[in-house]
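> Everything below, folded, please.
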Amino acid sequence: MTTELVELVFDKIPDNLLNILVANIIQSYNILEISHSELGKIADLHNDQDFIQHLKSGPTPASIFITSTWASIGKVKIRQPLIRLLRFEQINEVSIIFSNNDIDEIDSKNIIMSLALGSKYLSQISHSDDYYCGYEPATDQETRFFSKDTIGPLNKI
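The predicted model follows:
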């Protein structure tokens, strides 16, 4: 199996729900590293995890990069994903970038449908305007596994 990067994106997340979305993705897994595009490594966020305040406190656009031991998207567990929080023009976006080989083997049978269902739930609790997943960059609609209301065009990770 070749290794490909997969990207899952949640767009236009309200400020008051960004931390909630990240907490639902990371759950109680260990955070390995956090860095800010302007400030470098951020040690104190391991405890308070107030990501939106750090994004809003500096110049924009700004990003926070989080690496954790695992992430959960519904029933799908992803090993050591890179989670990017991006703020530009008062808009928040969360991207989860991972290798197709980093998906827990238990979940690999119906992975696209499981990811789509988990993403739908996360989109609802975070009031995300749009979400989509595909080979990186997921903005390329021809290499997507799903979008908010559509499965495909690709059907296998």
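> which residues sit against the strand ranked longest in the chain?
The longest strand of the chain (DSSP state E) is strand 91-99. Residues outside strand 91-99 that contact it (CB atoms under 8 Å, 6 or more residues apart in numbering): 3-15, 18, 21-22, 25, 52, 55, 71, 73, 78-87, 126, 128, 136, 138. Heads up, the C-betas are built off the backbone N, CA and C, glycines and all.
> Just read off the phi/psi values of Ser123.
Torsion angles at Ser123 (phi, psi; degrees, to the nearest 10) stand at phi -60, psi -40.
> next one: Lys148
Lys148 adopts backbone torsions of phi -40, psi -50, taken as degrees, to the nearest 10.
> Can you give me the neighbour number for it?
For Lys148, the tally of surrounding residues (other CB atoms under 10 Å) stands at 14.
> quick one: it from Gln124, how far?
Using CB to CB, to the nearest Å, Lys148 is found at 11 Å from Gln124.
> One more: Thr150?
17 Å.
> how about low-confidence regions in this protein?
The model of the chain has pLDDT under 70 over residues 1, 38-49, 105-109.
> residue ranges of the strands in it, please?
Counting by DSSP E, the strands of the chain are 5-11, 31-36, 40-41, 62-68, 70-73, 76-79, 82-88, 91-99, 130-135, 144-147, 150-151.
> tell me which residues of the fourth one are tucked away?
I take that to be strand 62-68. 62-66, 68 (16 or more other CB atoms under 10 Å).
> same question, the longest one
Along strand 91-99, the positions that meet the burial threshold by neighbour count (16+ other CB under 10 Å) are 92-99.
> circling back: return the member of the buried residues of strand 62-68 nearest to Ala116.
Relative to Ala116, the closest of these is Ser68; by CB to CB it sits at 21.8 Å.
> Thank you, goodbye.
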